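Asker: Any chance you can model this:
(one chain, ligands or ions: 1)
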Amino acid sequence: TPAESAMTSGATLELVGVTKAFGDFVAVQDVSFVVKPGSLVALLGPSGCGKTTMLRMIVGLETPSSGSVLFDARDVSALGPGERGAGLVFQDYAIFPHLTVSENLGFALKMRGDSPAEQQEVVKELAAALELTALLKKKPRSLNPSELQRVSIGRALAARPAIMLFDEPLSNVEAGMRTRMRAELRTLHKAFGQTAVYVTHDQTEAMALADRVAVMNRGRLVQFGAPRELYDRPADAFVAGFIGTPPMNLLDVEATEGRAYAGSLSVPIPQGLRRGDARWQLGFRPEHTRLSLAPDHNEVARGQVVAIEPMGAEVTVTVAGKGWQVAALLDEADRADLTEDASVSVVVDASHLHWFHPDGPRDFA
Ligand code: ATP
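Answerer: Numbers count the residues shown, from 1 in each chain. Predicted coordinates:
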């Protein structure tokens, strides 16, 4: 199979206290994590959070201001990209326009002096894996964005680097095709066995592709964990609001006498929440929020339906009351008797409440 011949054993990638400053501006601050051999870590965060800078330090295009980058326990921080040999796929393809698909795929092999027969074999295998066989003789100008992207991925894979880095590789692929390409990338990654870091600002993509997700915000690593951990136990309100669609309801609450209040919405304060702290952010996901027309003894508030947005099998219902507004994600069948302006009770299980302290990670849910 193509996978066998291109099989590489991935290296361990380790970042130890990596910091990058540009003048006075700190783009990446004290980031540490380990990527196990053959696993894929998504580097996720909003624009400007330092993802690309992080990737450039891993590949060797930037030198950390402090901290180290280790490949299989070897410190490569001072080495250039050529000496590190990590593969990089970025959004604008890096494909030679004057070469055919086949020549582009074989470029790295030719450069390092593989025989024409060896080149031929690997190109054939990569083309099969990337569904490019029919296009091998074509020039890039006749290819569509998705095909160009696959050529770009194939070019990087051909060199068989032990570490592959992807910088938003699907950003030029139209939305419909992106889901399919995502699945193809995941399959290829598993087949080739390389260690991979995948930069994206798209949480859906990160959650779908990655074994572990590193969430960055303002240059810092705010959480590193499996997709499910990030969803179930977000480290802070930023991660909570960033992971999940529609986003988690987050309310500033004030605690008094055993209950926390956001206007007319209130919940009992759980045991274990630190005493003396009056201000918290309370979070609960739309999919964990139920609505009922009849009063419910577990309700956190009573409010009015202000918007109903059908999304196929599900529907997002926005409810507001004095000093709060929340979204509930309901099955189409469950919202049958809800109409705009209806008065409803909002019900959330205590087990689905997240408590975030303004000073940082402290989730007691
Ligand atoms: P995007 O998704 O928009 O590319 P990002 O998360 O990849 O964002 P970076 O490109 O790493 O973020 O940039 C992080 C911050 O560092 C930004 O504020 C950027 O302006 C700044 N920055 C990056 N490179 C340099 C540089 N060479 N000189 C000065 N500032 C820089």
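
Asker: Can you name the next helix or strand after the host helix or strand of residue 183?
Answerer: Following DSSP states H and E, one finds residue 183 within helix 175-192. Using DSSP H and E, the helix or strand that follows helix 175-192 in sequence is strand 195-200.

Asker: Which strands border that following strand, and is each parallel or antiparallel?
Answerer: strand 40-44 (parallel), strand 163-167 (parallel) (DSSP bridges).

Asker: which of the residues in that strand are buried?
Answerer: Within strand 195-200, the residues scored as buried using 16 or more other C-beta atoms under 10 Å are 195, 196, 197, 198, 199, 200. No exception for glycine: its C-beta is placed from N, CA and C like everyone else's.

Asker: do stretch 63-71 as well
Answerer: The neighbour-count check on stretch 63-71 (16+ other C-beta under 10 Å) flags 64, 67, 68, 69, 70, 71 as buried.

Asker: swap in stretch 145-165?
Answerer: Using 16+ other C-beta under 10 Å as the test for burial, stretch 145-165 gives 146-165.

Asker: Assumed residue 231 was part of a helix.
Answerer: Yes. Assessed by DSSP: H, G, I helix; E, B strand; the rest coil, residue 231 belongs to a helix.

Asker: gap between the residue nearest to it when sequence neighbours are not counted and residue 206?
Answerer: Distances taken as C-beta to C-beta, 6 or more residues apart in numbering put residue 243 closest to residue 231, at 5.7 Å, once the chain neighbours are dropped. Going from residue 243 to residue 206 by C-beta to C-beta, to the nearest Å gives 8 Å.

Asker: Give me the more crowded residue out of these two.
Answerer: Applying other C-beta atoms under 10 Å to residue 243 and residue 206 shows that residue 206 carries more neighbours, namely 26 against 23.

Asker: any idea which element the more buried one lies in?
Answerer: helix 203-209.

Asker: following that helix, which helix or strand comes up?
Answerer: Using DSSP H and E, the helix or strand that follows helix 203-209 in sequence is strand 212-217.

Asker: Can you lay out the buried residues of strand 195-200 as CSV showing pLDDT and distance to residue 223?
Answerer: Below are the buried residues of strand 195-200 laid out as CSV (pLDDT from 0 to 100; distance: C-beta to C-beta, whole Å):
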residue, pLDDT, distance to residue 223
195, 95, 20
196, 95, 19
197, 96, 16
198, 95, 16
199, 95, 16
200, 94, 15
